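Participant: A structural model of the following input is requested.
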Amino acid sequence: MDDEFRHESIQDTESIRNYLQALLDGFENGRILFGTRKKKLILEPHGLLNLSVKARRKNKEVKVSVKISWVEDKDSREAGQDLLEIKPGKKKIK
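Facilitator: Take a look at the predicted model:
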């Protein structure tokens with residue numbers, strides 16, 4: 001079965017933090033619901049997942065992309081070879 005959910009909007013940093021926390025909670029619980037009034041998609045991540053992270057700055061435009069994928073009903077045994085490190089930066093002093 002093919003199913004897709006897409007959404008794009010302008011959000012403040014608090015809203016983004018809330019969405020990211022919901023994703024974290026969903027990974028911990030093994031169930032993530034994506035939805036709007038018109039469309040809903042429930043995913044159930046499990047086993048080893050593929051993680052792709054991209055960050056770039058070009059002129060004044062900044063982009064961060066996080067992609068997580070897995071194959072349903074299949075338990076992958078290959079772990080990533082490079083250890084990823086993501087840390088918060090120190091807060092800017094104004």
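
Participant: CA only for contacts and neighbour counts going forward, please
Facilitator: Fine.

Participant: send the alpha carbons of the lowest-mean-pLDDT helix or strand in the chain over as PDB?
Facilitator: Using mean pLDDT, DSSP states H and E, the weakest-scoring helix or strand in the chain turns out to be strand 40-43, at a mean of 92. Extracted C-alpha coordinates of strand 40-43, given in PDB (Å, rounded to 0.1, in the frame of the first residue of the first chain):
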ATOM      1  CA  LYS A  40      -3.700  11.200   8.400                       C
ATOM      2  CA  LEU A  41      -0.800   8.800   8.200                       C
ATOM      3  CA  ILE A  42       0.300   6.500  11.100                       C
ATOM      4  CA  LEU A  43       3.800   5.000  11.000                       C
END
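
Participant: how about the contacts made by residue 43?
Facilitator: Residues in contact with residue 43 (Cα atoms under 8 Å, 6 or more residues apart in numbering) are 31-33.

Participant: so what's the residue lying closest to residue 5 once chain neighbours are set aside bridging to?
Facilitator: Closest residue to residue 5 apart from its sequence neighbours, by Cα to Cα, 6 or more residues apart in numbering: residue 41 at 6.4 Å. In this entry, residue 41 is beta-bridged to residue 34, by DSSP bridges.

Participant: run a quick neighbour tally on residue 41.
Facilitator: 13 (other Cα atoms under 10 Å).

Participant: for this protein, which residues score under the pLDDT cut-off?
Facilitator: 1, 74-82, 84, 86, 94 (pLDDT under 70).

Participant: just the helices from it, written as ranges.
Facilitator: For the chain, the helices defined by DSSP state H occupy 13-29.

Participant: quick one, strands of it?
Facilitator: For the chain, the strands defined by DSSP state E cover 32-35, 40-43, 50-58, 61-69.

Participant: most tightly packed of the ones you listed?
Facilitator: When you average the neighbours per residue for each of those (mean count of other Cα atoms under 10 Å), strand 32-35 leads with a mean of 14.

Participant: report the central residue of this structure.
Facilitator: residue 66 (5.2 Å; Cα atoms, centre = their mean).
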